[in-house]
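Enquirer: how would this look folded up:
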Amino acid sequence: MRWPTVPAPDGKGEMIDQDAVNELVDYAIAHGVNYFDTSPMYVQGWSEKSTGIALKRHPRESFYLATKLSNFHPDTWTREGSIAMYRKSFEDMQVDYIDYYLLHMIGGGGMEQFRKRYIDNGMIDFLVKEREAGRIRRLGWSFHGDIEVYDYALQMHDRGEVHWDFVQIQLNYVDWKHASGSNFKAEYLYDELAKRKIPAVIMEPLLGGRLSMGERQRIGLARAFLSGCPLILLDEPTSNVDSINEGVILRALLKHRQGRTIILVSHRASTMAVADRVYKMENGQMEEQAI
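Expert: Numbering: from 1, shown residues only. Coordinates of the predicted model:
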């Protein structure tokens with residue numbers, strides 16, 4: 001979890017707002033959210049400890065806890081370094097077992113890093129034994145990056161070298177067929193898991209942080225129309241889109257305006273051209289304009 005932060009008392013950086021974290025966790029559990037995902041690297045390394053403090057106030061059987069072996073730095077590629085990170089997670093989160101344990105972002109550094117982080121140092125074998133001992137309930141991995149690593153990890157499963165209980169992938173409308181950057185088409189990722197009947201844990205289901213302002217505006221507009229509200233107020237609905245998308249939005253307004261009142265606020269004359277009535281504000285005065 002990337003928890004809320006406040007300025008540190010010494011003025012150097014930020015620290016986790018534990019009261020806010022406790023409140024968020026309490027609200028989540030009270031409303032049916034019981035899966036909490038964290039990592040040793042989140043929030044300057046304090047996320048696991050903060051998560052543990054908040055969840056310690058609830059019965060252990062009331063939530064599922066997921067964390068990761070985030071051994072990205074070469075200093076942690078040794079067996080000793082990785083095991084130390086693993087054991088510290090238990091200490092920081094104050095638990096005896098972890099429900100979902102992940103090899104973190106296995107494709108990020110390609111096959112070479114995957115081997116050094118998890119295979120050559122014997123960590124996969126170690127974690128399989130930890131699962132057998134009950135300290136890990138489900139063992140899997142999260143993926144970004146090199147598809148060769150993704151396929152290789154699944155081949156390990158096929159060959160019986162290791163049984164993966166789940167895989168965490170980025171799956172949403174954009175990434176289903178149009179992934180870019182370090183992501184890979186989610187349709188392929190999901191289908192490969194479905195073939196093997198490996199459960200998928202989904203991250204970034206909305207991908208909101210990577211949508212453009214124009215895309216966000218169109219999604220917001222669609223939500224407004226689908227809500228069935230009789231009155232919709234739109235403040236600059238076309239301000240961050242090009243002329244083509246402006247036309248798409250304006251046609252949608254015309255199509256879905258029946259049975260409701262839509263108030264537009266805009267500096268664009270082209271946007272206001274779809275209105276039945278236009279009023280102009282100038283020097284604190286409002287006057288109706290001819291259409």
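Enquirer: From now on I want contacts and neighbour counts done on CA atoms only, so please keep to that.
Expert: Fine.
Enquirer: tell me the centre residue of the protein?
Expert: E204 (3.3 Å; Cα atoms, centre = their mean).
Enquirer: what is the spatially closest residue to it that is not a sequence neighbour paired to in the beta sheet?
Expert: Closest residue to E204 apart from its sequence neighbours, by Cα to Cα, 6 or more residues apart in numbering: Q170 at 5.5 Å. Beta-bridge pairing for Q170 (DSSP bridges): M203.
Enquirer: Quick one: residues contacting Q170.
Expert: Applying Cα atoms under 8 Å, 6 or more residues apart in numbering to Q170 gives the contacts 143-144, 183, 186, 202-205.
Enquirer: rerun at 6 Å
Expert: By Cα atoms under 6 Å, 6 or more residues apart in numbering, the contact set of Q170 is 202-204.
Enquirer: Next: T238.
Expert: Here T238 is in contact with E246 (Cα under 6 Å, 6+ apart).
Enquirer: roughly how far apart are D235 and S266?
Expert: Noted for D235: a distance of 7 Å to S266, by Cα to Cα, to the nearest Å.
Enquirer: Those two: which is more packed in?
Expert: S266 (15 against 12; other Cα atoms under 10 Å).
Enquirer: Is S82 within a helix or a strand, and which one?
Expert: Here S82 is covered by helix 79-93, with elements defined by DSSP states H and E.
Enquirer: Strands of the stretch 1-150 of the chain, residue ranges please.
Expert: Assigned by DSSP state E, counting those that start in this stretch, the strands in the stretch 1-150 of the chain fall at 5-7, 14-16, 35-37, 64-69, 98-103, 136-142.
Enquirer: Same list (those) but as CSV, adding distance to T51, mean neighbour count and mean pLDDT.
Expert: What follows is the strands of the stretch 1-150 of the chain, written out as CSV (distance: least, Cα to Cα, whole Å; neighbours: other Cα atoms under 10 Å; pLDDT from 0 to 100):
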stretch, distance to T51, mean neighbour count, mean pLDDT
strand 5-7, 13, 13, 91
strand 14-16, 10, 17, 91
strand 35-37, 8, 16, 97
strand 64-69, 9, 21, 98
strand 98-103, 13, 22, 98
strand 136-142, 18, 21, 98
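Enquirer: Output these in a markdown table; the columns should cover distance to H157.
Expert: Listed next are the strands of the stretch 1-150 of the chain as a markdown table, based on distance: least, Cα to Cα, whole Å:
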| stretch | distance to H157 |
| --- | --- |
| strand 5-7 | 40 |
| strand 14-16 | 38 |
| strand 35-37 | 24 |
| strand 64-69 | 19 |
| strand 98-103 | 14 |
| strand 136-142 | 11 |
